[in-house]
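Trainee: Here is a sequence together with a model predicted from it:
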Amino acid sequence: MPTPIDLAARSAGPVHAAVTDLGDRRVVHVTFDDDAQPLSSASSCVIVLAADTARREGLPLVVEWSSTGSDIREGVPALHAWGQVAAALCRCSGVVPMLAVVDGPAVSGPALLLGVMDLVVMTERSYAFVNGPVMVEEFTGVSIEIDELGSAANLARHAGVPALVTGDRDGALAMVEQLLAYLPDHVDHEPERWPCDDPPDRPCPEAGELIPATSTGSYDVRAVAGAIVDEGSLLEVKARWAANVVTAFATIDGRPVGIVANQPMALAGTLDIPASQKAARFVALCDAFNLPIVTLVDTPGFYPGKDLEWRGMIRHGAQLVFAYARATVPRICVILRKSYGGAYIVMDSKTMGNDVCLAWPWAELAVMGAGQAAAILQRRATPEERAAFEADYTERLLNPYVAAERGLVDAVIDPADTRAEIAAALATLESKREQLVPRKIGNTPL
């Protein structure tokens with residue numbers, strides 16, 4: 001095992017950095033002393049050095065945050081140094097994987113930096129917030145406890161900050177090792193292929209058998225994904241937040257992939273603001289680090305409501321559009337059941353540029369469902385006329401063959417063949433490379 005290399009070894013303070021091994025991966029590892037300390041300018045410089053070393057050497061950056069924020073007593077120099085940390089981490093973004101472990105407080109500036117990291121693992125005793133209970137009460141008059149404001153459980157459910165929550169620091173580092181197994185060291189590398197004894201052409205009839213007979217019945221899409229991917233390889237991230245969309249890492253024929261799937265068990269699989277943000281961020285992560293994206297589609301559309309529209313459904317829904325449209329990694333879409341309207345476009349349709357689009361025989365691709373179409377087009381019709389309209393609409397339009405005739409679906413497949421078809425597509429697309437449009441930067445709809 002290579003000897004760890006300490007960085008800024010003579011720097012006094014609670015922050016330490018080294019190039020070392022985490023499991024079987026070489027990483028740049030930043031740790032804080034057990035007792036949470038404010039970030040002084042000297043401590044911040046150690047983190048900047050670590051980030052710059054990770055970027056220069058092409059190694060993942062793992063930071064164990066435990067800080068109460070910038071050192072108030074030091075003043076502006078500490079604040080300036082924190083800004084240098086933020087800039088250094090942003091330089092690493094999309095170049096090397098950045099993973100954070102929080103096993104204590106991450107308050108003020110360090111809390112914001114969690115949002116810059118690619119993946120965050122929090123322990124159950126940790127907490128994070130930008131403004132603490134004292135500031136909240138001073139400005140709003142509302143008294144609130146630390147756990148209610150920023151516990152790992154609440155951040156996982158309501159804010160989507162941690163990808164995973166675990167019991168203690170050792171468990172968190174084990175989770176980081178597991179996450180790194182799906183990721184390369186550097187943007188110029190591809191993820192290492194896993195050893196696999198699960199045949200790529202294994203039939204998976206259980207995937208189709210999970211779909212209810214009625215188009216409105218619910219099921220757990222994670223079970224469908226689990227039947228398709230290599231046995232035991234599915235690792236869901238941000239499971240507690242925006243449960244109507246599932247984001248997970250997995251392998252298929254040993255190849256690491258990212259899974260994005262609508263979840264009919266939550267909000268019927270509709271897309272709302274948190275789901276759009278969650279999926280868009282995950283798609284961007286996969287695209288940054290060369291993971292093919294497999295999208296499993298079963299959604300009736302965007303969740304309706306004045307509140308969502310006023311909170312920016314247009315802007316946030318566009319984030320998912322933007323993430324898929326600019327992704328250059330291999331992209332495979334499988335329409336499991338419903339794919340309606342704008343959500344059909346957003347969930348990596350052929351129009352958005354996916355490489356392979358597959359559909360199951362009972363898939364419904366249309367502007368909207370039969371009942372919705374009847375409500376608009378047959379408002380003044382009798383119940384019998386509406387029923388006849390819905391039956392005709394369903395027979396003529398709610399099937400995958402209309403889209404297949406126009407090249408918008410590449411193949412209508414038996415669900416049992418889904419794993420084999422995806423594995424074959426991944427093998428074919430292994431050498432895919434896209435010429436990026438010359439431009440400074442795309443203006444992401446944040």
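Mentor: That came through, no problem.
Trainee: so where's the stretch 1-150 of the chain uncertain?
Mentor: Along the stretch 1-150 of the chain, the parts satisfying pLDDT under 70 run over 1, 35.
Trainee: Where do the strands of it begin and end?
Mentor: 5-7, 15-22, 25-32, 37-39, 61-70, 98-107, 119-123, 127-129 (DSSP state E, counting those that start in this stretch).
Trainee: Quick one: closest of those to A404.
Mentor: strand 119-123 (37.4 Å; Cβ to Cβ). For glycine as for every other residue, the C-beta is placed from the backbone atoms N, C-alpha and C.
Trainee: how far off strand 98-107 does that closest one point, in degrees?
Mentor: If you take axes from the mean of the first three to the mean of the last three Cα atoms, to 10 degrees, strand 119-123 sits at 50 degrees to strand 98-107.
Trainee: for strand 119-123, packing partners?
Mentor: strand 98-107, strand 164-166, helix 169-180 (3 or more Cβ pairs under 8 Å, 6 or more residues apart in numbering; DSSP states H and E).
Trainee: OK, contacts around the residue nearest to D188 when sequence neighbours are not counted?
Mentor: Using Cβ to Cβ, 6 or more residues apart in numbering and skipping residues adjacent in sequence, the residue nearest D188 is G58, 7.2 Å away. G58 makes contacts with 96, 185-186, 188-189, as judged by Cβ atoms under 8 Å, 6 or more residues apart in numbering.
Trainee: Dump these into CSV; add secondary structure as well.
Mentor: As requested, those are exported to CSV (DSSP: H, G, I helix; E, B strand; the rest coil):
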residue, secondary structure
V96, coil
D185, coil
H186, coil
D188, coil
H189, coil
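Trainee: so where's the stretch 251-400 of the chain uncertain?
Mentor: 367-371, 373-375, 377, 385, 390, 392-393, 395.
Trainee: Which parts of it are strands?
Mentor: With DSSP E, counting those that start in this stretch as the criterion, the stretch 251-400 of the chain has strands at 255-262, 293-299, 331-340, 356-359, 364-366.
Trainee: Please name whichever of the ones you listed is nearest to T428.
Mentor: Nearest of those (Cβ to Cβ): strand 356-359, 8.3 Å.
Trainee: on contacts alone, who are the packing partners of the closest one?
Mentor: If contacts are counted by 3+ Cβ pairs under 8 Å, 6+ apart, strand 356-359 sits against strand 331-340, strand 411-412, helix 418-428.
Trainee: one step back: is it possible to get JSON lines of the contacts of G58 that adds distance to V346 and neighbour count?
Mentor: Formatted as JSON lines, the contacts of G58 follow (distance: Cβ to Cβ, whole Å; neighbours: other Cβ atoms under 10 Å):
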{"residue": "V96", "distance to V346": "29", "neighbour count": "27"}
{"residue": "D185", "distance to V346": "32", "neighbour count": "20"}
{"residue": "H186", "distance to V346": "30", "neighbour count": "18"}
{"residue": "D188", "distance to V346": "30", "neighbour count": "9"}
{"residue": "H189", "distance to V346": "30", "neighbour count": "13"}
